[in-house]
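Trainee: Make a model of this:
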Amino acid sequence: MPTASSTISVIDYAEFAALEERLQKQRGPTSKEGYEIWKRYDSSIREAMRRHGKAAGWDAGVDFYHGGDWFHQLYDGFALRTTTALSPQLLHDLQVVVAQHHSDAVLSFGGEMDTPMRGLDVLITPSAIYVAWYEQSAATCRRKIKKTEVQIL
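Mentor: Next up is the predicted model:
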């Protein structure tokens, strides 16, 4: 069973977008049983998120928002609605779930509109955690995270 490494890498947004594209191509098409596989993956992610905050669908009072639509059996994504649940421990716990699901699994989430983290993008793989700020350099991303006073780096 794979293990997770909690190293958080801050990267330029262009590098982040290229990484997302490469991982998407690597995943390939969905399978016939993809939805059931994704449901188990999504459920495990939500369980980890609930240890740190609230994760739900169409509920405005949640930390992690998911519209309920499935993506791919190896990919799930959430919107970050608050900063209260964001921590290095949360990122590590989510990475453990990703690593246990599959060696090619990916989880992404980002800061939603009207939050201090608007523009933050997080990509979690079994071996790494990447953060970037939309269309910004790694240095700007670090400054913006520091300005929010969220301690994830």
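Trainee: How is the residue lying farthest from the centre of the chain assigned, secondary-structure-wise?
Mentor: Most distant from the centre of the chain: residue 32, at 24.8 Å, with distances by Cα atoms, centre = their mean. Using DSSP: H, G, I helix; E, B strand; the rest coil, the structure places residue 32 in coil.
Trainee: The one 5 residues further on now?
Mentor: What three-state DSSP gives for residue 37 is helix.
Trainee: Measure how buried it is and give me the count.
Mentor: Neighbour count for residue 37, taken as other Cβ atoms under 10 Å: 17. C-betas here are computed from N, CA, C, even on glycine.
Trainee: you'd agree it is up against residue 31?
Mentor: Yes - at 7.3 Å, residue 37 counts as touching residue 31 under the criterion of Cβ atoms under 8 Å.
Trainee: Need the residues touching each of these two.
Mentor: Residues touching both residue 37 and residue 31 by Cβ atoms under 8 Å, 6 or more residues apart in numbering: residue 73.
Trainee: Got the confidence number for residue 79?
Mentor: pLDDT for residue 79: 85.
Trainee: a strand runs through it, doesn't it?
Mentor: Yes - under three-state DSSP, residue 79 falls within a strand.
Trainee: My read is that it contacts residue 49, right?
Mentor: No - look at residue 79 against residue 49 with Cβ under 8 Å: they stay out of range, at 11.9 Å.
Trainee: Need the residues touching each of these two.
Mentor: In contact with both residue 79 and residue 49: residue 64, using Cβ under 8 Å, 6+ apart.
Trainee: With neighbour numbers in mind, choose between the two.
Mentor: residue 49 (24 against 18).
Trainee: and that one, which of the three is it?
Mentor: helix.
Trainee: quick one, what contacts it?
Mentor: So residue 49 contacts 55, 63-64, 78, 85, 90, 94 (Cβ under 8 Å, 6+ apart).
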